[in-house]
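Chemist: Turn this into a structure:
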Amino acid sequence: MPALWIAHVTVTDEDAYGKYAKLAGPAIAKHGGAFIARGGRYVQLEGRDRPRNVVAKFPSVEAAEACYHSPEYQEALGHARGASERELLIVETTE
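Modeler: Purely as a prediction, here's the structure:
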């Protein structure tokens, strides 16, 4: 089953986070992920407001998790740590 990688982010250091984004996109694509929402308009209805929201679709939960643990993504993530506050989850779709 396909899976969605959903991130809610508050960027605290634009320069460092830009380095993360530059590396994260290719790492996600390498693992079969494709962005379906990336920082667009949103409406916060419940919970903590995070001004940057990203959704990527992967072929499976396993593919998304493999991406997260890959050396390429971990390198990117090194730039996001300390440059953002974020939540990230992977959820299997029903389709």
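Chemist: tell me how far the longest helix seen in the chain is from the chain's mean position?
Modeler: Using DSSP state H, we find that the single longest helix of the chain is helix 14-30. Relative to the mean C-alpha coordinate of its chain, helix 14-30 is positioned 9 Å out (CA atoms, centre = their mean, to the nearest Å).
Chemist: Just list what that helix packs against, helices and strands only.
Modeler: With contacts taken as 3 or more CB pairs under 8 Å, 6 or more residues apart in numbering; DSSP states H and E, helix 14-30 sits against strand 34-38, helix 61-69, helix 71-80. Just so you know, the C-beta spots here come from the backbone N, C-alpha and C atoms, and that holds for glycine as well.
Chemist: any residues touching that helix, and which ones?
Modeler: 5, 11, 34-35, 56, 67, 70, 72-73, 75-80, 82-84 (CB atoms under 8 Å, 6 or more residues apart in numbering).
Chemist: change it to 7 Å
Modeler: 11, 56, 67, 70, 72-73, 75-77, 79-80, 82-84 (CB atoms under 7 Å, 6 or more residues apart in numbering).
Chemist: Highest neighbour count among those?
Modeler: In terms of neighbours by other CB atoms under 10 Å, the contacts of helix 14-30 top out with residue 56 at 24 neighbours.
Chemist: thinking that one is in contact with residue 32, fair?
Modeler: No - counting by CB atoms under 7 Å, residue 56 stays clear of residue 32, with 9.7 Å between them.
Chemist: Residue 69 and residue 62: what is the separation?
Modeler: Taking CB to CB, to the nearest Å as the measure, residue 69 falls 11 Å from residue 62.
Chemist: Please say which of these two ends up with more neighbours.
Modeler: residue 62 (12 against 9).
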